[in-house]
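S.K.: Below is the sequence, then the predicted model.
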Amino acid sequence: ELLALASLLGCLLTSGQAKVYSRCELARLLQDLGLDGFRGYSLANWVCLAYFASGFNTAAVDHEADGSTNNGIFQISSRKWCKNLNPSVPNLCHMYCSDLLNPNLKDTVICAMKITQDPKGLGSWEAWRHHCQGRDLTDWVDGCDL
């Protein structure tokens with residue numbers, strides 16, 4: 001019950017700062033934050049990932065059956081990358097999962113860069129593997145005045 005209450009409270013606290021980006025608005029921000037070309041991935045790859053992971057929603061939280069969550073615009077998992085209520089997770093990004101819901105995306109990008117340094121790169125994300133990998137992604141940034 002306490003876990004459910006804490007999860008509900010977390011959703012309520014973050015709902016006030018939710019932002020759903022437009023495609024080009026997100027592309028410009030991710031470019032400004034240094035993701036274009038990071039580890040060889042074009043900006044279009046990141047925009048495609050964000051769309052299929054969260055629909056460009058910074059406050060997206062997906063609750064898994066094991067109690068873990070996927071957080072923010074890139075749906076970063078609490079199993080490995082951020083700290084939730086479970087003290088035994090590795091927290092490899094050294095931040096709270098709630099930090100990944102901030103619409104300014106700075107913490108999210110820092111963590112995403114860390115994840116992408118894994119040998120799997122963007123392949124760490126199932127959404128990217130299924131919807132973006134190996135495809136022509138130019139439409140994701142087309143007309144964005146970057």
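M.R.: Ah, there it is.

S.K.: Show me the helices in the chain, by range?
M.R.: Assigned by DSSP state H, the helices in the chain fall at 2-15, 23-32, 43-54, 106-116, 126-131.

S.K.: Can you find the helix or strand in the chain with the smallest mean pLDDT?
M.R.: When the helices and strands of the chain are scored by mean pLDDT, DSSP states H and E, helix 2-15 comes last with a mean of 46.

S.K.: quick one: low-confidence parts of the protein?
M.R.: Flagging of the chain using pLDDT under 70 yields the residue ranges 1-16.

S.K.: Endpoint to endpoint, stretch 25-41 covers what distance?
M.R.: 19 Å (CA to CA, to the nearest Å).

S.K.: Now do it: everything it contacts.
M.R.: For stretch 25-41, the external contacting residues (CB atoms under 8 Å, 6 or more residues apart in numbering) are 21, 42-44, 46-47, 50, 56, 73, 105-106, 109, 112-113, 116-117, 121-122, 140-141, 144-146. Any C-beta I mention is one placed from the backbone N, CA and C, and that applies to glycine too.

S.K.: if you set the cut-off to 10 Å instead, what comes out?
M.R.: Contact partners of stretch 25-41, identified using CB atoms under 10 Å, 6 or more residues apart in numbering, comprise 19-22, 42-47, 49-51, 56, 58, 73, 103-106, 108-110, 112-113, 116-118, 121-122, 128, 132, 137, 140-146.

S.K.: What residues sit buried inside that stretch?
M.R.: Using 16 or more other CB atoms under 10 Å as the test for burial, stretch 25-41 gives 26-31, 33, 35-36, 38, 41.

S.K.: any chance of these in a markdown table, with distance to residue 93 too?
M.R.: What follows is the buried residues of stretch 25-41, written out as a markdown table (distance: CB to CB, whole Å):
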| residue | distance to residue 93 |
| --- | --- |
| 26 | 20 |
| 27 | 23 |
| 28 | 24 |
| 29 | 19 |
| 30 | 17 |
| 31 | 21 |
| 33 | 15 |
| 35 | 15 |
| 36 | 21 |
| 38 | 15 |
| 41 | 18 |
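
S.K.: Just name the closest of those to residue 97, please.
M.R.: The closest of the buried residues of stretch 25-41 to residue 97 turns out to be residue 33 (CB to CB; 19.2 Å).

S.K.: from the helices of the chain, which stretch is densest packed?
M.R.: Sort the helices of the chain by mean neighbour count, taking mean count of other CB atoms under 10 Å, and helix 43-54 sits at the top with a mean of 24.

S.K.: Thanks a lot, see you next time.
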